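# Quick one, structure for this:
(2 chains)
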Amino acid sequence: MMADAFDQTSHRHDDPVSLLEAYALHALPEADARAAEAFLATHPERAAEYAQWEGTAAMLPYLLEPASPPPQLRTRVLARVYTDAIAASALPDVDATAPVTPVAVPPPIALSMWRERRTRLRVWVQGAVAAVLVFAVIGLGAWALSLQSGVQVRDRLIAEQGRVVAEQGREIAAIGATRTIAGTQSGGAARGQLLRLTDPQAAVLTISGLPPLAQGTVYQVWFVRGMTPVGAGVFAPNPDGTWSGLVRGDVTVAQAVAISVEPMGGSPAPTGDIVATGML
Amino acid sequence: MVSTEADDRLHDDAQRADAAILQRIVERDPRGVEMLYDRYGGVAYALALRILRDAGAAEDVVQEAFFNVWRQGATYNTARGTVRTWLLTVVHHRAIDRVRTMRAKTRGDVTIDAMLFLQAKEDTWATVSEGLERERIQHAVATLPPEQRQVVEMAYFAGLTHVEIAERVGIPLGTVKGRIRLAMEKLRDALRVPEAHGRGMEQT
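Purely as a prediction, here's the structure:
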């Protein structure tokens, strides 16, 4: 075997260059790893060569059978990143041109139209709240039927999140503050989560399974307080029906979140189909 | 597996997609991390889970790795290499460091029999073809002599140093190093790992 013809001497006498392959595999004892690191730091001409070993090593995970990470991991990852982005003001936001703040003064309209709109709005809100309740009941039922291990996992996640908070020295929304959003009859397979952040005026929405939009329309997010839906921003989902980003509004006083189809640019009050709802 | 033009195009497309993701992260757009997660979250989790054998610990490592990539993105030199290599290197290092710490605390050991690929059966290689990269790497590793494959897998997936591998397999250290070197050279050539222009991507 050709490999067996290699030197049998102690690794302490090796040229650091000969350690680079093993270093890329993270297979060196601490002292040798430090030597390899120091060698690379002082020999930039070797950087490209080492990057090839590192790139080769990074192919090896593809030997493993694919694994599906638990869904909450995606939320945890994104919550942490978005929270950091908020702190650094690098925000991917809902459409900045859309009404992302509550409409304090409704546009003037005729009394008859106002009554009609108020009635329509009440129906819409009642529908939204009813839909939220239906999904909440279904969700709670499903949750109650889940195995005890599910509860343990949730407890563990909360505990882990608490540890992360301590480590980072910043408050990150606990996984317990994540609220599920489910598709209505119009929304079909839409499923998502709203993650509350320490900033009460923002939350991270991640959703998938949204139906394609007709041309000239967008999705608009609403925080529903009592009977009043307040616009929290509009967005156009990705081609695969997914979207993630910040939504703006006072999460602390809203009882529910809803997503409706609205004309491009959004509406001061909801007019279109509700595709997804969730209880806050 | 013979590389075809279609394979090359897919490979190029994947590289371009990775470059676009990395660019977003460098520009401090968190959606880049989201895209990165959707693309590589599965393989990152599989790697961490394989090394740590604990779902909770694997989740921690993956979360830390993605956050590390996000945080380092502002100063990352895109000429250094692909975002996939960067991410998986961070995941690997963090998982190995954690498993070594756990092993030191518990004086735990790694039994060779417990390893995944040492008894690789023929159908292991036949049943997998999910994606071009998976197919390429599995083919490349399958062509390695078993003794070379063994040392690479013991190092990469079990977190053993080459000294520990020599002890467990019962061969001289120089032989282990030689096998690692030969295996890595063959894999690099078979996988056509491109040269990067700068320091490697170990920013853990």
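# Excluding sequence neighbours, find me the nearest residue to the residue nearest the centre of chain B.
For chain B, the residue nearest the mean C-alpha position is B:Leu88 (5.5 Å; Cα atoms, centre = their mean). Closest residue to B:Leu88 apart from its sequence neighbours, by Cβ to Cβ, 6 or more residues apart in numbering or on different chains: A:Ala58 at 4.3 Å. For every residue, glycine as well, the C-beta is placed using N, CA and C.
# my guess is the one you found meets B:Arg84, correct?
Yes - counting by Cβ atoms under 8 Å, A:Ala58 does reach B:Arg84; the two are 6.4 Å apart.
# what's the residue nearest to B:Leu88 sitting at in phi/psi?
phi -70, psi -10 (degrees, to the nearest 10).
# where's it relative to A:Pro268, distance?
50 Å (Cβ to Cβ, to the nearest Å).
# quick one, which of the two is more surrounded?
A:Ala58 (27 against 15; other Cβ atoms under 10 Å in any protein chain shown).
# Quick one: residues contacting that one.
Neighbour list for A:Ala58: B:Arg84, B:Thr85, B:Leu88, B:Thr89, B:His92 [criterion: Cβ atoms under 8 Å, 6 or more residues apart in numbering or on different chains].
# can you pick the most crowded of those?
B:His92 (29 neighbours).
# From what I see, that residue and B:Tyr156 are in contact.
Yes - using Cβ under 8 Å, B:His92 is in contact with B:Tyr156, at 7.3 Å.
# mind checking which helix or strand residue 35 is in?
No chain in the question, so chain A it is. helix A:30-42 (DSSP states H and E).
# Let me rephrase: I mean chain B.
helix B:31-52.
# Show me what secondary structure element comes after that helix.
That would be, after helix B:31-52 and using DSSP H and E, helix B:55-72.
# Show me what that following helix is in contact with.
A:69-70, A:73, A:76-77, A:80-81, A:84, A:156, A:160, A:164, B:25, B:30, B:33, B:36-37, B:41, B:44-45, B:48-49, B:51-52, B:83, B:86-87, B:90-91, B:94-95, B:98, B:203-204.
# 6 Å instead?
With contact meaning Cβ atoms under 6 Å, 6 or more residues apart in numbering or on different chains, helix B:55-72 is reached by A:73, A:76-77, A:80-81, A:156, B:33, B:44-45, B:48-49, B:52, B:87, B:90-91, B:94-95, B:203.
# Now a ChimeraX select for only the buried ones of the residues you listed.
In ChimeraX syntax, the buried subset of these is picked out as below (16 or more other Cβ atoms under 10 Å in any protein chain shown):
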select /A:73,76,77,80,81 /B:33,44,45,48,49,52,87,90,91,94,95,203
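# what sits up against the helix holding B:Met35?
Everything outside helix B:31-52 that qualifies as a contact, by Cβ under 6 Å, 6+ apart, is A:61, A:64, A:66-67, A:69, A:74, A:77-78, A:81, A:92, A:244, B:21, B:24-25, B:58, B:61-62, B:66, B:70, B:84, B:87, B:91, B:95, B:99, B:157.
# Show me those that map onto strands.
Those of the contacts of helix B:31-52 mapping onto strands are A:Ser244, per DSSP state E.
# circling back: going by neighbour count, which residues in the helix holding A:Ala35 are buried?
So, applying 16+ other Cβ under 10 Å, buried residues of helix A:30-42: A:Asp32, A:Ala33, A:Ala35, A:Ala36, A:Phe39, A:Leu40.
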